[in-house]
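**Student:** Okay, sequence plus prediction incoming.
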Amino acid sequence: MIKHVNAMGDTCPVPVVKTKNVIKELGDQGGVVEILVDNEISVQNLTKMANQKGYGVRSEKLAENQFQVIMEVGEGAAQQADDDAPETCLVTPGGKKNVVVAVTAPWMGAGNEELGAVLIKGFLFALTQQDTLPTTILFYNGGATLTTEGSASLEDLKSLEALGVEILTCGTCLNYYGLTDKLRVGEVTNMYTIAEKLLGADLVVKP
């Protein structure tokens with residue numbers, strides 16, 4: 001029996017999860033699963049999963065941004081499908097983990113807010129000095145004030161943006177604080193995108 005999985009446009013762990021579910025559908029008789037993906041990282045993730053489970057596996061580049069992975073699943077292998085599929089992911093396309101920083105207040109930590117304001121400024125500056133940068137920094141609730149006019153962290157945030165870090169600030173929060181016209185770095189976003197970024201992250205850091 002041959003099963004097909006179309007995972008074009010999907011990022012980790014979706015190709016692995018789709019493949020795992022199809023393997024379960026094969027039942028005890030096993031079969032062949034052909035998976036289409038659009039990046040080499042997904043090929044590596046699927047190959048890793050197959051090797052871990054003892055499936056036969058081979059891959060081929062069909063065209064630019066189109067790869068085929070073929071798994072030969074033996075009898076009884078469906079019972080081995082791993083429910084913790086995300087653990088098979090290596091890294092996101094681009095070669096690094098998807099790290100999201102969530103800034104929810106204009107200060108860092110609990111206790112003295114004046115001290116916390118000094119700490120968050122230092123934290124954002126420290127990010128500019130790291131060898132590995134976050135993919136995205138989200139600013140919401142009181143954190144939204146840090147991306148607006150008058151913020152002591154604007155230069156550091158602009159430096160991070162220039163280095164490729166995505167800077168997103170909650171539009172509802174800007175409106176609440178009367179800062180809609182005061183955004184000075186990054187872009188306005190919404191709660192759907194914030195939820196999507198948080199759920200899709202390999203690691204969420206909340207200073």
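**Tutor:** It's in. This one's a predicted model, so the numbers in the text were calculated from it and none came from an experiment.
**Student:** which stretches of this protein form helices?
**Tutor:** Taking DSSP state H as the test, the helices found in the chain are 14-26, 40-53, 113-128, 154-162, 171-176, 191-199.
**Student:** now those in TSV, with distance to residue 98 and mean neighbour count?
**Tutor:** (Glycine included, C-beta is placed from N, CA and C.) Listed next are these as TSV, based on distance: least, CB to CB, whole Å; neighbours: other CB atoms under 10 Å:
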stretch	distance to residue 98	mean neighbour count
helix 14-26	13	20
helix 40-53	11	20
helix 113-128	16	16
helix 154-162	16	17
helix 171-176	23	17
helix 191-199	9	14
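**Student:** Let me have those in a markdown table, adding mean pLDDT and distance to residue 7 as columns.
**Tutor:** Converted to a markdown table, the helices of the chain look like this (pLDDT from 0 to 100; distance: least, CB to CB, whole Å):
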| stretch | mean pLDDT | distance to residue 7 |
| --- | --- | --- |
| helix 14-26 | 86 | 4 |
| helix 40-53 | 86 | 7 |
| helix 113-128 | 94 | 33 |
| helix 154-162 | 93 | 31 |
| helix 171-176 | 94 | 32 |
| helix 191-199 | 93 | 18 |
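**Student:** between the ones you listed, which gets nearest to residue 207?
**Tutor:** Closest approach to residue 207 among those (CB to CB): helix 113-128, 5.0 Å.
**Student:** nearest residue to residue 66 other than its sequence neighbours?
**Tutor:** Spatial nearest neighbour of residue 66, excluding adjacent residues (CB to CB, 6 or more residues apart in numbering): residue 38 at 6.2 Å.
**Student:** Check what pLDDT residue 36 gets.
**Tutor:** If you check residue 36, the pLDDT there is 96.
**Student:** roughly how far apart are it and residue 186?
**Tutor:** According to CB to CB, to the nearest Å, residue 36 and residue 186 sit 35 Å apart.
**Student:** higher neighbour count, those two?
**Tutor:** A count of neighbours by other CB atoms under 10 Å puts residue 186 above the other of residue 36 and residue 186, at 20 against 17.
**Student:** which ones are touching the spatially closest residue to that one that is not a sequence neighbour?
**Tutor:** Of all residues not flanking residue 186 in the chain, residue 167 sits nearest, at 2.8 Å (CB to CB, 6+ apart). Taking CB atoms under 8 Å, 6 or more residues apart in numbering, we find residue 167 in contact with 136-137, 139, 147, 157, 160-161, 185-187.
**Student:** From residue 181, how far off is residue 167?
**Tutor:** For residue 167, the distance to residue 181 - CB to CB - is 17 Å.
**Student:** go on, residue 199?
**Tutor:** Relative to residue 181, and taking CB to CB, residue 199 is found at 30 Å.
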